[in-house]
Every structure is written in C-alpha cells, then in structure tokens.
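**Q** Build the 3D model from these lines:
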Amino acid sequence: MNFRTISIAIIVALIAVLAVFNWNALVTPTSVSLGVTDIQAPLGVLMLALTILLSVFFIAYVLWLQSSVLLEARRHSKEMQTQRDLADKAEASRFTELRGVLEALHAQDKQDLMARLDMLEAHLVSRAQESDNSTAAYVGQLEQQLHQR
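**A** Here you go, the predicted model:
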C-alpha cells in the first residue's frame, strides 16, 4: 500500500472515531436553513451523510477512471503487439531478400570461378601439349643426331 492509500484510510478512520465519540452532538436537532425555509434536523448527521455521499461519488469516479486507464492501456498494448508483429514480419522479409541476394552473388562468384578454372585448365593443357611437342622435337633431334653418327 502506498502513502496516499494509508493517509486516506487514516482520515476515514478519524472521521468514524470522531462521529462515534460525538454521536450525541451529531444527532441533536437544530434549526437548519435550506435557503427558502428552515427545518429542525440533526446538522451533524446531515453533514456526515453528505460526506459519505461525496465519498461514494469520489470512489465511483476513481474506479471509473482506473477502469478507463486499464482499458486504454490494454488497447495500447494490443496495438504495440500488432506493430511488433508487423516489424518482425518486415524484418523476416528483409532477411529472406538478403538471403536471395547473397545466394545470387554466391552463384555468380561460383560461375566466375568455374570459368576462370576452365580457362586455367585449358591454358595448362595447351602448355602441356606445347611441352610434349617440344620434348618430342628434342627427342627427335637427338634420335636424328644419333642416327647420323
């Protein structure tokens, strides 16, 4: 319980204790002016009844205000959850799109690498053939020189 609730409870208790201790003074009839006419009534009981009535209206107003705040907070919470869900879906969509872009880049890089490897392989094969041809030519020259001697 907070300080305000305790303070209000203490004030209500003091009013009740004061009314009980002074009940004879509260119920003593006196002349009460209503503006247009005067009547004989216990002024203390009238004031106590008006205080109770004011308290009932105050409590009803506080409860109505509290319930409207709770309903507004609940509505706000639902809206926030909806916005969070939309943001999550948008983020997931962006991740999916990013994955697609990265896969496309990876495929392009793979194709470029394979083309380069094919080019290097072709170059290596041509160099090997040139080397074979050179070796065969040297061997042929050596054989020819051996036959001539």
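**Q** Give me the longest helix you can find in the chain.
**A** Scanning the chain for the longest helix, with DSSP state H as the assignment, gives helix 43-148.
**Q** To what extent is residue 15 buried, counted in neighbours?
**A** Neighbour count of residue 15, defined by other C-beta atoms under 10 Å: 14. All C-beta atoms are positioned from the backbone trio N, CA, C, and that covers glycine.
**Q** typed the wrong thing, it's residue 44
**A** Every residue meeting other C-beta under 10 Å relative to residue 44 is counted, giving 17.
**Q** swap in residue 72?
**A** Taking other C-beta under 10 Å as the definition, residue 72 ends up with a neighbour count of 10.
**Q** okay, it: pLDDT?
**A** Looking at residue 72, its pLDDT is 97.
**Q** how much space is there between it and residue 2?
**A** Between residue 72 and residue 2 the distance, using C-beta to C-beta, to the nearest Å, works out to 22 Å.
**Q** just residue 70 next, same as before
**A** Going from residue 70 to residue 2 by C-beta to C-beta gives 18 Å.
**Q** Which residue would you name as the spatial centre of this structure?
**A** To find the centre residue of the chain, average its C-alpha atoms and take the closest one (C-alpha atoms, centre = their mean): that gives residue 84, at 5.6 Å.
**Q** List the contacts of it.
**A** Contacts for residue 84 (C-beta atoms under 8 Å, 6 or more residues apart in numbering) come out as none.
**Q** Surely residue 30 is within a helix?
**A** No - secondary structure assignment places residue 30 outside any helix; it is strand (DSSP: H, G, I helix; E, B strand; the rest coil).
**Q** my guess is it meets residue 45, correct?
**A** No - taking contacts as C-beta atoms under 8 Å, residue 30 lies outside contact range of residue 45: 10.7 Å.
**Q** Give the residue from these two that has the larger number of neighbours.
**A** Neighbours per residue (other C-beta under 10 Å) separate residue 30 from residue 45, with residue 45 holding more: 15 against 11.
**Q** Before I go, just wanted to say thanks for your time.
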